[in-house]
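Trainee: below: sequence and its predicted model.
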Amino acid sequence: MNDCTVFIHVYYTGSWKMITGKCSQLLDAATNIIVSACDDDVIKEISDDRYAVVIQKVTNKGKDIGGKLAGLSYYYQFCEPTTYLAFMHDKISPQTLNAGYWFDQLYEIFTPGKLDIAARKLADPKIGVAGSSAFLKNEYSKSRKNFDTTNSDILLRLLSQYQLQPGAFDYIGGTIFLARDAAFRNFFRINHPLLIREDLEEGNVLDLENGTNTHSWERMLCFIPQAAGFKIAGV
């Protein structure tokens, strides 16, 4: 896929090799690769590799969402717009028993066969995001007018705050997907990514018992395109 900017947040040592092993076709053709990382050993691992990347050293604020927002800030300030965007991170999730399954399924979209399918999906001007069909979710209850998640109250507040009215509330769990730049550009032209990042939690927060801004923005990154009239496609 040509004319694509790739955003990658890397937290764990060893993850960069796993990601590049899955995504070499996309990375080899990428116009920009913008990587965020917290740890010097991780940064060295990335710097020593063959890819020409922009590396941002960030604090662990908002986990991968915070890293992606930092990357978006750089992109909108310093890069020529590309037609497509790709969002990924090292989906290791030590607290999850089946973390390997999550990683393999979410990253399958970047393997040669699936990447071609995703590109054809995004060729449809109505599609704004394409991700793993296994993690295409919708938690919204039309009858209750809320979300079946601990993040419901925060999501309702954010939708009101940013005056978003999505046509649907689909999202790709794990926040690893391909997208159109046009699905995000107008929103982030008005709402600076770093200002959004300021409200995210520090550290490796979970949303098992209470909602978080971080996990809410995992969903918001897919609600934004749907509020702009685009649809989410599973691959």
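Mentor: Noted; the coordinates are in hand. Numbering: from 1, shown residues only.

Trainee: which residues does residue 65 contact?
Mentor: Residues counted as contacts of residue 65 (CB atoms under 8 Å, 6 or more residues apart in numbering) are 175, 200, 214, 217-218, 221. Quick note: C-beta positions are derived from backbone N, CA and C, even for glycine.

Trainee: repeat that with 6 Å
Mentor: 214, 217-218 (CB atoms under 6 Å, 6 or more residues apart in numbering).

Trainee: mark which of the residues you listed are buried, thanks.
Mentor: 214, 217-218 (16 or more other CB atoms under 10 Å).

Trainee: helices of this protein, residue ranges please.
Mentor: For the chain, the helices defined by DSSP state H cover 15-29, 40-47, 63-78, 99-107, 112-122, 152-161, 185-190, 193-198, 213-227.

Trainee: any low-confidence regions in this structure?
Mentor: 93-97, 99 (pLDDT under 70).

Trainee: which one of the helices of the chain lies closest to residue 88?
Mentor: For these, the distance to residue 88 is smallest for helix 15-29, at 6.5 Å, taking CB to CB.

Trainee: next, the buried residues of the closest one.
Mentor: Across helix 15-29, burial judged by 16+ other CB under 10 Å covers 15-16, 18-20, 22-23, 26-27.

Trainee: most widely separated two among those?
Mentor: 15 and 26 (16.2 Å).

Trainee: which residues touch the nearest residue to residue 215 once chain neighbours are set aside?
Mentor: Distances taken as CB to CB, 6 or more residues apart in numbering put residue 207 closest to residue 215, at 4.1 Å, once the chain neighbours are dropped. Residues in contact with residue 207 (CB under 6 Å, 6+ apart) are 150-151, 215.

Trainee: and residue 207, how far is that from residue 153?
Mentor: 12 Å (CB to CB, to the nearest Å).

Trainee: how about residue 193?
Mentor: From residue 193 to residue 153 the distance is 23 Å (CB to CB).
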